[in-house]
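Trainee: Predicted model follows, preceded by the sequence.
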Amino acid sequence: MDFPVTRLRRLRYNSVLRQMVTETKLSVDDFVMPLFVCSGTNVRNHINSMPGNYQLSVENLVEECRKVYAAGVKAVLLFGIPAHKDEDGSVACEHDGIVQQAIRALKKDNKDLYIIADVCNCEYTTHGHCGTIIDGDVDNDTTLITLAKQAVSLAEAGADMIAPSDMMDGRVAIIREQLDLNKFEKIPIMSYAAKYASGFYGPFREAAESAPKFGNRATYQMNPANTNEAMREVELDIAEGADIVMVKPALSYLDVIYRVKNEFKMPVAAYNVSGEFSMVKAAAKNDWIDGERVMMEILTSIKRAGADIIITYHAVEAANVLNRMK
Ligand code: PBG
């Protein structure tokens with residue numbers, strides 16, 4: 001039946017009805033808030049390229065997480081900025097490493113806060129690469145050892161979930177094996193399965209002080225032009241034991257999110273990364289866009305594409321918008 005009988009606008013005239021027929025609804029349950037913890041006390045360094053985000057020392061992180069939790073965002077993803085770095089990122093495996101300290105303090109303050117620990121070496125190596133350098137490049141299998149140690153150490157500190165972001169081959173398998181050997185079989189792995197070598201990570205590298213000192217990450221992170229390869233990455237991570245697979249970045253990779261969801265029917269996470277966040281903030285500051293509206297539109301598009309979990313620096317702001325609309 002065609003026009004004039006069929007009129008799609010009929011369902012758009014009334015706001016109650018528009019709500020009823022909304023196909024994609026964001027919820028605070030979808031959100032994970034990434035946070036940066038650094039050594040020292042009383043530190044609250046504003047990250048200029050990421051307005052509203054800070055490098056926080058442990059006690060300030062605890063304070064911040066109370067606000068995050070009060071807004072309804074119950075999960076955080078932690079990144080550490082250690083006082084000292086070394087060649088292979090071993091500082092990340094220390095019992096009293098910065099993220100380990102943070103996890104213990106957060107769990108003591110609120111055991112219900114869900115803590116996801118990022119596992120990677122780039123914040124902990126002097127050269128800023130995600131693993132141990134041999135012959136001028138990150139050596140895959142040597143790096144697996146430190147990654148697995150880091151994962152076990154973070155689980156011992158009380159992390160609820162482990163999220164490897166390094167893009168080494170085989171890391172999900174070794175992390176799963178080592179977690180299980182240490183009686184952490186209940187701890188899920190959310191793998192950054194399809195992580196692209198992206199310019200959108202720029203602000204994060206300032207925030208986490210993790211920019212590579214030489215070269216780039218193109219020998220381990222994926223080429224932005226490839227999606228079949230992303231399917232292979234995801235397939236392998238699932239075979240190795242990943243419980244949730246992530247696509248990162250999100251916005252320029254909505255097709256990848258869609259394909260991963262459709263081909264694997266797994267829980268899918270998408271990382272709305274620092275550059276995607278900062279562009280919205282910068283344009284909004286110039287009054288070129290309505291920042292809040294664009295934020296909600298972007299988050300909705302990520303969910304519409306197929307993401308179940310959205311990791312985003314907008315988490316608290318978006319939660320506040322959703323809470324207001326209730
Ligand atoms: C660490 C890591 C990065 C991000 C998350 N984990 C940076 C990178 O790979 O260089 C980026 C997150 C963001 O941009 O928000 N490997």
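Mentor: Thanks, I have it.

Trainee: pretty sure residue 248 contacts residue 191?
Mentor: No: applying Cβ atoms under 8 Å, one finds residue 248 not in contact with residue 191, separated by 10.5 Å. Glycine gets a C-beta too; all of them are placed from N, C-alpha and C.

Trainee: any idea how far residue 30 is from residue 73?
Mentor: The spacing between residue 73 and residue 30, counted by Cβ to Cβ, to the nearest Å, is 10 Å.

Trainee: wait, residue 287
Mentor: 29 Å.

Trainee: now residue 72
Mentor: Using Cβ to Cβ, residue 72 is found at 11 Å from residue 30.

Trainee: okay, the two: which has more neighbours?
Mentor: Higher neighbour count among residue 72 and residue 30: residue 30, with 24 against 17, using other Cβ atoms under 10 Å.

Trainee: State the phi and psi torsions of the nearest residue to that one once chain neighbours are set aside.
Mentor: Counting by Cβ to Cβ, 6 or more residues apart in numbering, residue 30 lies nearest to residue 310, which is 5.1 Å off, once chain neighbours are set aside. Taking degrees, to the nearest 10, you get phi -120, psi 120 for the backbone angles of residue 310.

Trainee: what's residue 310 in contact with, if anything?
Mentor: Neighbouring residues of residue 310 by Cβ atoms under 8 Å, 6 or more residues apart in numbering: 26, 30-32, 250, 269-270, 272, 299, 302-303.

Trainee: partners of it in the sheet?
Mentor: Per DSSP bridges, the residues bridged to residue 310 are residue 31, residue 270.

Trainee: ok, now how distant is it from residue 75?
Mentor: Applying Cβ to Cβ to residue 310 and residue 75 gives a distance of 11 Å.

Trainee: Could you name every residue contacting both of those two?
Mentor: 31-32.

Trainee: gap between residue 116 and residue 242?
Mentor: For residue 116, the distance to residue 242 - Cβ to Cβ - is 14 Å.

Trainee: what is in contact with the two at once?
Mentor: residue 190.

Trainee: the helices in the stretch 1-150 of the chain, which residues?
Mentor: 15-20, 58-70, 98-109, 140-157 (DSSP state H, counting those that start in this stretch).

Trainee: among those helices, which is nearest residue 168?
Mentor: Nearest to residue 168 among the helices of the stretch 1-150 of the chain is helix 140-157; the distance by Cβ to Cβ comes to 5.1 Å.
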